[in-house]
Structures are given as structure tokens and as C-alpha cells.
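Novice: Take a look and give me a structure for this.
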Amino acid sequence: MDVNAALAAASAIAGLCTGVIAVLAFRWSEREQARPTRTALRPDGAGVLPPGVDTVLSVLRSSAVVLDEGDTVVKASSAAYALGLVRGGRLAVDQMLQMARETRRDGEIRQVELDLPRRGGGRGEGLAVSARVAPLGSRLVLLLVEDLTEARKIEAVRRDFVANVSHELKTPVGALSLLSEAVMDASDDPEAVIRFAGRMQIEATRLTSLVQEIIDLSRVQNDDPLDDAEPVDVDDLVAEAIDRCRHQANAKQITMATGSAPDLHIWGNRGQLAAALGNLVENAVNYSPARTRVGIAGRRIPSPGGDLIEISVTDAGIGISEKDRDRIFERFYRVDPARSRATGGTGLGLSIVKHVAASHGGEVTVWSAEGQGSTFTLRLPEAGMARDHALLGTEPEDDESPGGGGGPAGDQQFYENYSDHIPAPEVLP
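Specialist: Alright, predicted model coming up:
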């Protein structure tokens, strides 16, 4: 009897366990069926969307997310995942989720602009987006998100540029207005009229230079330099840059020292390259004390992606502090506004140089020390050998051929001769 009772108890326990397991399995099966699969989150789940909606969403430039009545993501574009809007099959932005719920409740279309942190929470600016929510049928809600980050940056740059231009134009225009009144009041004093007229000429020249540099900057930003590209001789560029500021250099008794290897050519727009190098030389002359030296040297340097042409402009001027070096290429930025206005600077010259270098596939760098001078280095890709020599009608020559002071040996001789005044380019970062 005891054995039979034990067997009966064991059978009852086993039956009870089987029943519990069956109930749990049934509940688990129901939950799995109710849970959206990963394919439902992708375009394969288009069966729940109204006809044609999947095709329309696939061609939209905006990030698209479709939510069902349970706030589960039915479909999401790859851009939505890239922006971090969808994570784990759910909409990750609370503001957008709340908008979707309100739209599902009353059927009204809603739109809002939001600033979101970048995915991963790393450093850097956040994302500026425009979110628009609309009902899609009776059960679904469509969320369209447009990334406005770049548009915001461009708008900020445009707004700052307009404000800076207005401020810079106001100064010479105001000066001309005051000087004209002074001339009228001093009509019976010939010496005062002559003095004020001279000041008016200075302000008019400054205004003309500012307007011209604004035009040049706009042209550099909008034009493709390769449309009118040609092989440009570096020696010709240096000679043109020196001629541009020969008068200012002679007035300050500044010596212009040059030295470069022969047969250095850059493929690009001659006008833009001449303007860029001319701005560097003009700055060197304007900010150098009297009876000093400005050096301009060009040379070829090897690079994994092809040889580069390096043109360095060195002065013995006031130098640039470390805190200002990263900003001197910004539009209208001046290290010393009062001194810049005294020398006729507009604050756009180095910005033009930066844009010209970038549009030609190169860069401009600066080495400077306060009280010791500065060296600005323009590095640009050399004209392709085959294309260059074909257009110039010359045969390739050995880059290190002796004679004429050219080649690396000639460059080294130049820098050694003027080492007291011109830091060697190797010290540049």
C-alpha cells in the first residue's frame, strides 16, 4: 500500500508539472506572436502598410518612421537608424513619441524643430532636426525627420558674414561722410582742404579694397578653379606677388629676397593663385618693421600622394601669439584691429588664401613667434608630370640636377644664406 501510494503521489506531481509547463509554453507562444519581429521593423514588414506607401517612403530624402497603435516601429528608413531615432524597435526620442501619440489621438498634423544630442553621446555639436507627424490610415502614424544641422551652420555663417561686412563698410563710409563735412567747413582754408582730401583718398582706397576683396572671396568660394586650369610657373607667381607690393616695400626700405628651384609648376587658376600668394607677401610687408627682409622661396617636397610645391613667405615682423594662430584665417579676424586698419588691412586676405589653397587641393600653414616674425607656407600639388610637360612642350628633367642654384641644394643654400631672418620651413608644424 505504501508503495502504491508513493507511485500515485509521484504520478500526480508529474502531471501537475506537465500542466504548468504546458500553460507556460502556451503563454510564451502568445507573447512571441504579439512581439514584432525584426523583419517587421524593416521594409519586409510592408504588408501592414497601405498600398504604395512603402514605395513613397523609399524615395523620400527625409528620415521616415512608421508607428503602429502600440508605438512599435513598423518601418524605419536607414537614415532614421543612422540619426539614432530608432533603437531596439522603439522610437528613442521622447518629444517625437509624445507628438505621435497626440496625433494618433486627434488626427492633427504636428511639426516641431528640435536639438538632439549626437548618437553615442560624444563631444561635438548636436543635431538640429525638423520633425513632422501625420496620421497614416486609421492605425498608423508617420514621422518624417529632416536634418537641418548643415543648413543651420550655413545660415549662421551667412548671418555673421553680412554683419561683419556691414560693420566693415560702415567705418570707411562714415569717415568719408565726416571728412566731406570737414572739407565744406574748411573751404576758406586751402591747407585744411588738402589735408582732408588726402584722408578722403585713403578711406576711399580702403573702401575699394574691401569691396574688391569681398568680390574675390565670393568668386573663390563659388568658382571651380579647375575650369580654367593651366600650368602655372612658381617663379612667375613670385615675381607677380613682389611687383604687387614693390611700392610699399620700397617706402619701408624692406628687402625682398627670393629663391626657388627651377621648373616648379602648379596646375590651377593663375588669377586665384596669384591673388593668394600676393596676399601673403603683402601681409608680410605691411606687418614688418622698416629696413627688414621678406623672403619668398619655393621648392618641391616629396609626398606619398605625389610631390607638393611649397611656397614660403617669411618676415621679421611682430609675430602672432599662440591664441590667435588658429583664428587668423577667419573672415574679418584681426590680431590687432587698430594696427590692421592703420596698414589698410581688411581681414579677408588670409581667408582668401585658405579658400584658394583648399580649392586647389592644398593647404596653408603658419609658424610664428611673437617678436621673431612669421612664416606662411602654401602647399599645393605639383602639376601632373605627363600633363604638365605635354602642355609646356618640355621633356622631364632630373629634379635634383645641379646648376642655377635649383633643386634641394639650391633651396638649402637660400635658407642658409638668410637664416638670421628666415626660419627654415622644416620648423613648421
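
Novice: doesn't Gly306 fall inside a strand?
Specialist: No: counting by DSSP: H, G, I helix; E, B strand; the rest coil, Gly306 is not part of a strand but coil.

Novice: gap between the helix or strand hosting Leu217 and the chain center?
Specialist: Using DSSP states H and E, Leu217 falls within helix 190-222. Centre-to-centre, helix 190-222 and its host chain are 30 Å apart (C-alpha atoms, centre = their mean, to the nearest Å).

Novice: Tell me which other helices or strands the following helix or strand past it touches.
Specialist: Downstream of helix 190-222, the next assigned helix or strand under DSSP H and E is strand 230-233. Counting contacts by 3 or more C-beta pairs under 8 Å, 6 or more residues apart in numbering; DSSP states H and E, strand 230-233 packs against strand 265-268, helix 270-286, helix 385-392. (C-beta placed from N, C-alpha, C; glycine too.)

Novice: Save those as JSON lines, and put in distance to Gly317 too.
Specialist: Output for the helices and strands packed on strand 230-233, formatted as JSON lines (distance: least, C-beta to C-beta, whole Å):
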{"stretch": "strand 265-268", "distance to Gly317": "26"}
{"stretch": "helix 270-286", "distance to Gly317": "7"}
{"stretch": "helix 385-392", "distance to Gly317": "35"}
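
Novice: who wins for proximity to Val141 among these?
Specialist: Taking C-beta to C-beta, helix 270-286 is the member of the helices and strands packed on strand 230-233 nearest to Val141, at 52.1 Å.

Novice: and the angle from the closest one to helix 190-222?
Specialist: Computed by axes from the mean of the first three to the mean of the last three C-alpha atoms, to 10 degrees, the angle separating helix 270-286 from helix 190-222 equals 130 degrees.

Novice: what packs against helix 270-286?
Specialist: Checking 3+ C-beta pairs under 8 Å, 6+ apart, helix 270-286 ends up next to strand 230-233, helix 234-244, helix 246-251, strand 293-301, strand 308-315, helix 349-359, strand 373-381.

Novice: any idea how far Pro51 is from Val65?
Specialist: Using C-beta to C-beta, to the nearest Å, Val65 is found at 19 Å from Pro51.

Novice: The two: which is more packed in?
Specialist: Set Val65 next to Pro51 and count neighbours by other C-beta atoms under 10 Å: Val65 wins out with 28 against 7.

Novice: and that one, that's in a strand?
Specialist: Yes: judged by three-state DSSP, Val65 forms part of a strand.

Novice: wouldn't it be in contact with Ala76 here?
Specialist: Yes: the criterion here is C-beta atoms under 8 Å, and Val65 meets it with Ala76 at 4.8 Å.

Novice: what do those two both touch?
Specialist: In terms of C-beta atoms under 8 Å, 6 or more residues apart in numbering, Val65 and Ala76 are both contacted by the residues Leu85, Val86.

Novice: Let's have the helices and strands packed on strand 230-233 in TSV, adding mean neighbour count, mean pLDDT and distance to Met200.
Specialist: As requested, those are arranged in TSV below (neighbours: other C-beta atoms under 10 Å; pLDDT from 0 to 100; distance: least, C-beta to C-beta, whole Å):
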stretch	mean neighbour count	mean pLDDT	distance to Met200
strand 265-268	24	88	39
helix 270-286	23	90	21
helix 385-392	13	41	48
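
Novice: and of those, who's closest to Leu97?
Specialist: Checking the helices and strands packed on strand 230-233 against Leu97 by C-beta to C-beta gives helix 270-286 as the closest, at 51.0 Å.

Novice: that older thread, how about the helix holding Leu217, which residues are buried there?
Specialist: 193, 196, 200, 203, 206-207, 209-210, 213-214, 216-217, 220 (16 or more other C-beta atoms under 10 Å).

Novice: Over to stretch 142-156?
Specialist: For stretch 142-156, burial by neighbour count (16+ other C-beta under 10 Å) applies to Leu142, Leu143, Leu144, Val145, Glu146, Asp147, Leu148.

Novice: do the same with stretch 233-252
Specialist: For stretch 233-252, a neighbour-count test (16+ other C-beta under 10 Å) marks Asp233, Val234, Leu237, Val238, Glu240, Ala241, Ile242, Arg244, Cys245, Gln248, Ala249 as buried.
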